[in-house]
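J.: Below are the sequence and a predicted model for it; my questions follow.
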Amino acid sequence: MNKPAALTQGSCRDAPILKERGQREVFCGLTGIIWLHRKMQDAFFLVVGSRTCAHLLQSAAGVMIFAEPRFGTAILEEKDLAGLADAHEELDREVGRLLERRPDIKQLFLVGSCPSEVIKIDLSRAAERLTKIHAPHVRVLNYSGSGIETTFTQGEDACLESMVPVLPKTEAAELLLVGALPDVVEDQALKLLDDMGVGPVRVLPAGRADGIPAIGSNTKFALLQPFLGETAAALTRRGAHHIPAPFPFGEEGTTLWLRAIADQFGVDDDTFERVTAAPRARARKAVAAHAADLTGKSIFFFPDSQLELPLARFLTRECGMHALEVGAPYIHKGLVGPDMDLLHAEVISEGQDVDKQLDRCRAARPDLTVCGLGLANPLEAEGLATKWAIELVFTPVHFYEQAGDLAGLFSRPLRRKGLLKMEAA
Ligand code: SF4
């Protein structure tokens, strides 16, 4: 399956897309709470759901057991599900108790789940009612993280989208960065932009409620994640303008992302070069350290995080890999089009019919398969090296200083497989 790197250049924006609508294997949108609660320091996420939802959160966020948690589950019992109790009254009581005990909470998200959706609890009505009760100290918002409606990264999109209508209005010409990144990575981006003289820069989500950005028709926004389509649409409805660009993965992606912003804010070429030359060189060197393991190797993406197309662009253009199939849950060309312009892949697929896709993967025998946890073990047992898609969301991978780590996430499973082969020989 090894192909020369030269074949990986090209564009797939207008290539035919294989669309599938069958059974899919992904986490639900509740998973986003794990990284969102770390980012938003005075927010609480109250899942209105079942014991299953509570177990998912507890096992995914085990680290929280030593801290005062900022997420929880209001468990729907059988009498709620049978319509024998007034779920709204119980919810009001639970929220009242929580906010009394935790005066540090300034933003409360009521998060819908499969059970709350099935019994049709109107959480937007609940959020409005609870905001009236607890304003101005706490703002209550709602979104759905249900597995019926969302894949795991869509939870962040739904959460940020719910914040857009209540953002204050401004006529100031500002840049808004959209997406929850670890603070250390966000700081790197802010420093690069500041060094170029771009500003003022705001971030959604802000770390605290008193830092929430204002928006208006003079706001230009750049996305940090490719899965924020609904948030981008909501910002556009409020008059803000999207800056389209490849996503900031790897040296090339980061440079093109910064360049697109720099062009909008009138940064001259000399300044851009002065600010980016050193980190670009560091990123190239760090990626090159993994290139020997990646060049000429083939990769197959199952749809999971919506990061697939930008990551395939990085792996094919900067690491010399060959993309056999790049599957994404949804393809929003308004967001990932600039990445698709730079990508060549044999197959681009949207949605999933997991059995058919497994057949294609087995037939292709890729050197590396990126997939969910449920598919990884069986594929490993069949001798295929895999990478868990969820790690790509939990690991800092954006911008220049993380480019080497990003390449390392893909080279490690290949190196491990090589070592195992040597031991077995
Ligand atoms: Fe399961 Fe649905 Fe709860 Fe997610 S929201 S944990 S898919 S029951």
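T.: Arrived safely, thanks for sending. Residues are numbered from 1 along each chain as shown.
J.: helix or strand right after the worst-scoring helix or strand of the chain on mean pLDDT?
T.: Taking mean pLDDT, DSSP states H and E as the measure, the helix or strand of the chain with the lowest value is helix 78-81, at a mean of 64. With elements assigned by DSSP states H and E, the helix or strand that comes after helix 78-81 is helix 87-101.
J.: Just the closest residue of the stretch 51-200 of the chain to the ligand, please.
T.: With Cβ to the nearest ligand atom as the measure, Gly147 is the residue of the stretch 51-200 of the chain nearest to the ligand, at 2.7 Å. From N, CA and C alone the C-beta is placed, and that goes for glycine too.
J.: ok, now which ones touch the residue nearest to that residue when sequence neighbours are not counted?
T.: Counting by Cβ to Cβ, 6 or more residues apart in numbering, the nearest residue to Gly147 once its immediate chain neighbours are dropped is Cys28, at 3.3 Å. The neighbours of Cys28, taking Cβ atoms under 8 Å, 6 or more residues apart in numbering as the test, are 56, 113-114, 145-147, 150-152, 155.
J.: Of those residues - the most surrounded one?
T.: The member of the contacts of Cys28 surrounded by the most neighbours (other Cβ atoms under 10 Å) is Gly145, with 33 neighbours in all.
J.: for that residue, phi and psi?
T.: The phi and psi torsions at Gly145 (degrees, to the nearest 10) take the values phi -120, psi 20.
J.: Which residues of the chain lie near the ligand?
T.: When proximity is defined by Cβ under 6 Å from any ligand atom, the chain lies next to the ligand at 28, 30, 49-50, 52-53, 56, 113-114, 145-147.
J.: In JSON lines: those, plus secondary structure and pLDDT.
T.: As requested, the residues of the chain next to the ligand are exported to JSON lines (DSSP: H, G, I helix; E, B strand; the rest coil; pLDDT from 0 to 100):
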{"residue": "Cys28", "secondary structure": "coil", "pLDDT": "87"}
{"residue": "Leu30", "secondary structure": "helix", "pLDDT": "91"}
{"residue": "Gly49", "secondary structure": "strand", "pLDDT": "89"}
{"residue": "Ser50", "secondary structure": "coil", "pLDDT": "87"}
{"residue": "Thr52", "secondary structure": "helix", "pLDDT": "88"}
{"residue": "Cys53", "secondary structure": "helix", "pLDDT": "89"}
{"residue": "Leu56", "secondary structure": "helix", "pLDDT": "84"}
{"residue": "Ser113", "secondary structure": "coil", "pLDDT": "93"}
{"residue": "Cys114", "secondary structure": "helix", "pLDDT": "91"}
{"residue": "Gly145", "secondary structure": "coil", "pLDDT": "93"}
{"residue": "Ser146", "secondary structure": "coil", "pLDDT": "91"}
{"residue": "Gly147", "secondary structure": "coil", "pLDDT": "86"}
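J.: how far away is Gly29 from Cys159?
T.: As for Gly29, its distance to Cys159 is 8 Å (criterion: Cβ to Cβ, to the nearest Å).
J.: okay, and the common contacts of these two?
T.: Once Cβ under 8 Å, 6+ apart is applied, it turns out that Gly29 and Cys159 contact no residue in common.
J.: picking that back up, ok, so of the residues of the chain next to the ligand, who is nearest Ile299?
T.: When the residues of the chain next to the ligand are ranked by distance to Ile299 (Cβ to Cβ), Cys28 comes first, at 25.9 Å.
J.: can you give me the strands in the chain?
T.: Secondary structure of the chain, counting by DSSP state E: strands at 17-21, 43-49, 71-75, 107-112, 139-144, 174-178, 201-204, 219-223, 241-242, 298-301, 322-328, 345-352, 368-371, 385-388.
J.: what about stretch 35-44, start to end distance?
T.: End-to-end distance for stretch 35-44, by Cα to Cα, to the nearest Å: 12 Å.
J.: Which phi and psi values does Lys106 adopt?
T.: Taking degrees, to the nearest 10, you get phi -110, psi -20 for the backbone angles of Lys106.
J.: and stretch 187-198, what's its mean pLDDT?
T.: Across stretch 187-198, pLDDT averages out at 98.
J.: Much appreciated, bye for now.
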